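Participant: The sequence and its predicted three-dimensional model are supplied below.
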Amino acid sequence: MLEIRQPDADFVISVVSAPTRVPETRTRNVADPVMSGAWRAAGAAASVVSARTPTLRWRVRPVMRDIVEEYRTIEAGAGWIDRSARGRIRFEGKDAASFLQALLTNDILRLQSGEGAYAAYLTPQGRMITDIDVLHRGGWLFGSVPDGLGAPLAARFDQLIFSEDLTVSDVSSLWTEIAVAGGDAVMRVASALAEDAARLAALPELSQIDYGDGFVARGGDAPWPMFRIVVPVAEHGAIVAALEQHGLVPMSADVAETLRVEAGRPLWGRELTSDTIPLEAGLLDRAISTSKGCYVGQEIIIRILHRGGGRVAKRLMTLALDATQQEPPASGTSLMADGHVVGHITSAVYSPERDAIIALAYVHRDAAEVGRVLTVDGGAAATIVA
């Protein structure tokens, strides 16, 4: 058995190779004898505890090993991931837009066919019930909501109909969604779907172009170009085949999560919950119209903006952790400043772009400043970067 001790913080400090069984975690082999100059050049001391045909093995961070190769492949090309679990609601009738205008935080009446808006649905106390993408599909409105919420939200909306000319239905099982992201996503999607690349590239977020019986919408949950292909369920297999024939690769949930956190996008169930006021999550510019008429929860939002100067108790921030943090901290991990808890992490991932662990976290307003250095419960330094 060979034990190598490596003090460099970028690597695991000890590795054991047992010839009679598979190591518990994968390692990267270096085909050099223990006493060769190659390992000495790395600047690390090694000691042989006991030897039996010893092999020198170095381990990289587990989180790095798992996603870097896939991340770089998608960065150079594009990847796809199934988003069929999202809820989908159909609003149809001449009063559909005005109905949602009175309920949601964004301006739905301004939408024209092929446009979209991101919004929040609030309680009278200004807390979130859900977030929702509203896409104008010409004769009807398409609502895309978090996973599993299609049916309960459709029922809730339906109960609010009085005399409006409107029908609300859960159509989650009728449609499938495939999200595509990557450095070359525009050209790859255009080739796979035989669409015009310039037209795709020019789409604002949540705007759509028709595709067969469905549509392609621009997404925003990644630092690279992103598209959401929404088609009837029966067409799912054909779309995936076309994408893969044009070089797109399946995207893991881990990489999709990394892209979301890199883009700074909050997720329902993590950053967004029934306790969240949308201003805390930084949704003012993206989800809230300050010029439209009344909507549920507006009084709280306006009070914060105009009487409170926009000050909220906490703010959602992006942090970069130093190299002593080897793995993403768990959701709920405390953040400290001057010996006091000033926030909690909601999502954390390894970012190949920064070569560091990054996190989304709610931070008390007095500490929520870009450049401020906090301490993760456990000792690592965490710098607020956005």
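Facilitator: Now that the structure is in, tell me what you want to look at.
Participant: what's the least confident helix or strand in the protein, going by average pLDDT?
Facilitator: helix 37-41 (a mean of 33; mean pLDDT, DSSP states H and E).
Participant: Number of residues surrounding Val134?
Facilitator: 24 (other Cβ atoms under 10 Å). Every C-beta, even on glycine, is put in place using the N, C-alpha and C of the backbone.
Participant: now swap in Pro223 and tell me
Facilitator: Residues near Pro223, counting by other Cβ under 10 Å: 18.
Participant: Test my guess that it contacts Ala263.
Facilitator: Yes: with contact defined as Cβ atoms under 8 Å, Pro223 reaches Ala263; the gap is 5.2 Å.
Participant: quick one: contacts of stretch 202-216?
Facilitator: 114-118, 133, 135, 137, 175, 189, 193, 195, 199-200, 217-220, 227-232, 235 (Cβ atoms under 8 Å, 6 or more residues apart in numbering).
Participant: partners of the lengthiest strand in the chain, with directions?
Facilitator: Identified as the longest strand of the chain according to DSSP state E is strand 340-351. Partners of strand 340-351 in the sheet, by DSSP bridges, are strand 334-337 (antiparallel), strand 356-364 (antiparallel).
Participant: With only the CA atoms kept, save the host helix or strand of Met317 in PDB.
Facilitator: Element membership of Met317, judged by DSSP states H and E, is strand 314-321. The C-alpha coordinates for strand 314-321 follow below in PDB (Å, rounded to 0.1, in the frame of the first residue of the first chain):
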ATOM      1  CA  LYS A 314     -31.800  40.400   3.000                       C
ATOM      2  CA  ARG A 315     -30.600  40.200  -0.500                       C
ATOM      3  CA  LEU A 316     -29.700  37.300  -2.900                       C
ATOM      4  CA  MET A 317     -26.000  37.600  -3.800                       C
ATOM      5  CA  THR A 318     -23.400  35.500  -5.600                       C
ATOM      6  CA  LEU A 319     -20.300  34.500  -3.800                       C
ATOM      7  CA  ALA A 320     -16.900  32.900  -4.800                       C
ATOM      8  CA  LEU A 321     -15.300  30.700  -2.200                       C
END
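Participant: quick one: that strand to strand 340-351, angle?
Facilitator: Strand 314-321 runs at 50 degrees relative to strand 340-351, counting by axes from the mean of the first three to the mean of the last three Cα atoms, to 10 degrees.
Participant: Remind me what strand 314-321 packs against, helices and strands.
Facilitator: strand 340-351, strand 356-364, strand 381-384 (3 or more Cβ pairs under 8 Å, 6 or more residues apart in numbering; DSSP states H and E).
Participant: Among these, which comes closest to Cys294?
Facilitator: Distance to Cys294, taken as Cβ to Cβ, is lowest for strand 356-364 among the helices and strands packed on strand 314-321, at 28.4 Å.
Participant: Just the buried positions in the closest one, please.
Facilitator: By 16 or more other Cβ atoms under 10 Å, the buried positions in strand 356-364 come out as 356-363.
Participant: In TSV, list these along with distance to Glu299.
Facilitator: Shown next, in TSV, are those (distance: Cβ to Cβ, whole Å):
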residue	distance to Glu299
Ala356	41
Ile357	40
Ile358	36
Ala359	33
Leu360	28
Ala361	29
Tyr362	23
Val363	26
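Participant: For those, which two are the farthest from each other?
Facilitator: Of all the pairs that the buried residues of strand 356-364 form, the one spanning the most space (Cβ to Cβ) is Ala356 and Tyr362, at 20.1 Å.
Participant: Show me what counts as buried in the longest strand of the chain.
Facilitator: 342-343, 345-351.
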